[in-house]
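J.: need a 3D model of the following:
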Amino acid sequence: MRITVLGGAGKMGCISVQTLANDPRVDEVVIADIDMKTAQVVADYLGVPKVSVRQVDINDKEDFVAALKGSDVCLNATVYYTNLKVMEACLEAGVHYNDMGGLFFTTRKQLELHDRFDAAGVSAILGLGSAPGMPNIQARYAADRLDTIESIKIYDGIKPPPPDDLRFTYAVPTIVDELTVEPMVFEEGEFRAKPPLSGLEDYWFVEPLGALPMHLSLHSEVATLPASFAHKGVRECFFKINYWGMAKQTVEKVRVLVDFGFDRREPVDVNGQLVAPRDFMIAMMSSYVPEITEFLSPPKNRPPDWVKEIVSEIKGTKNGKDVTYRLGTMTCKGALPTGAVPALAAIWLAEGKIAPGVYPPEIVIEPEPFFEELEKLDIYTRVSITRLV
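T.: Numbering: from 1, shown residues only. Predicted coordinates for the structure are as follows:
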């Protein structure tokens, strides 16, 4: 099988490339990116013959579609703004599609393409990274075992970096949006907007994480889970994270810039030049992202000082009794799950395991087989059940 990783030279895309390159089911991995210098760095670092690079510009649709043809799947690892455009190209090329998330609103627009993908015999899975992605599958695991669901509470816990670490953990534009756009929650059976960084609570993760301060963030799980399990009576769903894996002090610095209007998209005149404050801010922040090789698995004698647990708590009933499932997916392998999870989904797409159409993960991914595949990559999911009698 041949899989094209769009944005394979990016911080999360390079992990997908690495996962696919190490999987014997994959014959060829194409790093499709506009940045050929960094793409070649990734290819050289991996040193695997099955990995090739190709320069693409998604704004040149004809060339982009041509680049996609011959591939079984396009794994879109670019910033979520491109999702709809890339899906259109995949439809034209007849190539299956998956991505790492659409930050709620874009995901909803993507789901509207279902009938067109179905008619074309092309499959798409939306929002299947570490989160969104794993919480969707965790919720599906519990939903398959519950008669009713009252709430789905998602907590994404990441070991905090030192206070003086000013680096950003993934795509700066996405982080800025998550930090400034009102998060959506499903509350009392309806969607509601909440203030950014609100809903603060301490949540206890497995060691070595322990208790971490969690706050609301805009995310794609909330866009799909209430609809997917509406027949089970879901009344509440939210996503919380601890400062997106960054130091709290870094987030506070960005908040100050936002207070001064640096998140505005409308251009302002600067010495006769029109400049959007948000574009300027993101350009300056991009120099605070780690080098690309820091996202790839380090040598075994140098383990990363990085831990992540993604938890979903699903409360409902079984045979008239109250039951709560807690599923926690744990890794100590750096940013690995965000890239590894969509890589496995791309393989499933290429193998024809997903029906034509556009789906959120909880509809088309069977939890147990997927968990078993992740265990081979040292990503483990633990299940605990609390029953009230």
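J.: residues near the closest residue to residue 104 other than its chain neighbours, how many?
T.: Spatial nearest neighbour of residue 104, chain neighbours left out: residue 223 (4.5 Å); criterion: Cβ to Cβ, 6 or more residues apart in numbering. Every residue, glycine included, has its C-beta placed from N, CA and C. By other Cβ atoms under 10 Å, the residues close to residue 223 number 27.
J.: hang on, residue 223 in a strand?
T.: No. Assigned with DSSP: H, G, I helix; E, B strand; the rest coil, residue 223 falls outside any strand and is helix.
J.: so for stretch 166-186, mean pLDDT?
T.: Averaging pLDDT along stretch 166-186 gives 86.
J.: ok, stretch 49-64 next?
T.: 96.
J.: mind saving the C-alpha coords of stretch 151-168 as PDB?
T.: Extracted in PDB, the C-alpha atoms of stretch 151-168 (Å, rounded to 0.1, in the frame of the first residue of the first chain):
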ATOM      1  CA  SER A 151     -22.100  12.100  30.300                       C
ATOM      2  CA  ILE A 152     -18.800  11.800  28.400                       C
ATOM      3  CA  LYS A 153     -16.000  13.800  30.200                       C
ATOM      4  CA  ILE A 154     -12.700  14.000  28.400                       C
ATOM      5  CA  TYR A 155      -9.400  14.900  30.100                       C
ATOM      6  CA  ASP A 156      -6.100  15.200  28.200                       C
ATOM      7  CA  GLY A 157      -3.300  15.300  30.700                       C
ATOM      8  CA  ILE A 158       0.300  16.100  29.700                       C
ATOM      9  CA  LYS A 159       3.400  16.400  31.900                       C
ATOM     10  CA  PRO A 160       4.000  20.100  32.300                       C
ATOM     11  CA  PRO A 161       7.300  21.500  31.100                       C
ATOM     12  CA  PRO A 162       9.500  23.700  33.300                       C
ATOM     13  CA  PRO A 163       8.100  27.200  33.900                       C
ATOM     14  CA  ASP A 164      10.800  28.800  31.800                       C
ATOM     15  CA  ASP A 165      10.100  26.600  28.700                       C
ATOM     16  CA  LEU A 166       8.500  28.900  26.200                       C
ATOM     17  CA  ARG A 167       8.200  26.400  23.400                       C
ATOM     18  CA  PHE A 168       4.900  25.400  21.700                       C
END
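J.: packing partners for the lowest-mean-pLDDT helix or strand in the chain?
T.: Counting by mean pLDDT, DSSP states H and E, the weakest-scoring helix or strand in the chain turns out to be helix 172-180, with a mean of 85. Secondary-structure packing of helix 172-180 (3 or more Cβ pairs under 8 Å, 6 or more residues apart in numbering; DSSP states H and E): helix 248-259, helix 277-285.
J.: rerun at 6 Å
T.: Applying 3 or more Cβ pairs under 6 Å, 6 or more residues apart in numbering; DSSP states H and E, one finds that helix 172-180 contacts helix 277-285.
J.: so residue 371 touches residue 381, yeah?
T.: Yes. With contact defined as Cβ atoms under 6 Å, residue 371 reaches residue 381; the gap is 4.7 Å.
J.: please report how far residue 24 lies from residue 50.
T.: Separation of residue 24 from residue 50 (Cβ to Cβ, to the nearest Å): 10 Å.
J.: looking at those two, which one has more neighbours?
T.: Each of residue 24 and residue 50 has its neighbours counted (other Cβ under 10 Å); residue 50 has more, 15 against 5.
J.: tell me how far that one lies from residue 22.
T.: From residue 50 over to residue 22 (counting by Cβ to Cβ), the distance is 10 Å.
J.: now residue 357, nearest residue through space, not along the chain?
T.: In space, residue 357 is closest to residue 118, 4.2 Å off (Cβ to Cβ, 6+ apart).
J.: secondary structure class for that neighbour?
T.: Classified using three-state DSSP, residue 118 is helix.
J.: over to residue 240?
T.: Classified using three-state DSSP, residue 240 is strand.
J.: in a helix, residue 64, correct?
T.: Yes. Counting by three-state DSSP, residue 64 falls inside a helix.
J.: ok, now which ones touch it?
T.: 56, 58, 89 (Cβ atoms under 6 Å, 6 or more residues apart in numbering).
J.: and those residues as a markdown table, adding neighbour count?
T.: Shown next, in a markdown table, are the contacts of residue 64 (neighbours: other Cβ atoms under 10 Å):
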| residue | neighbour count |
| --- | --- |
| 56 | 24 |
| 58 | 20 |
| 89 | 23 |
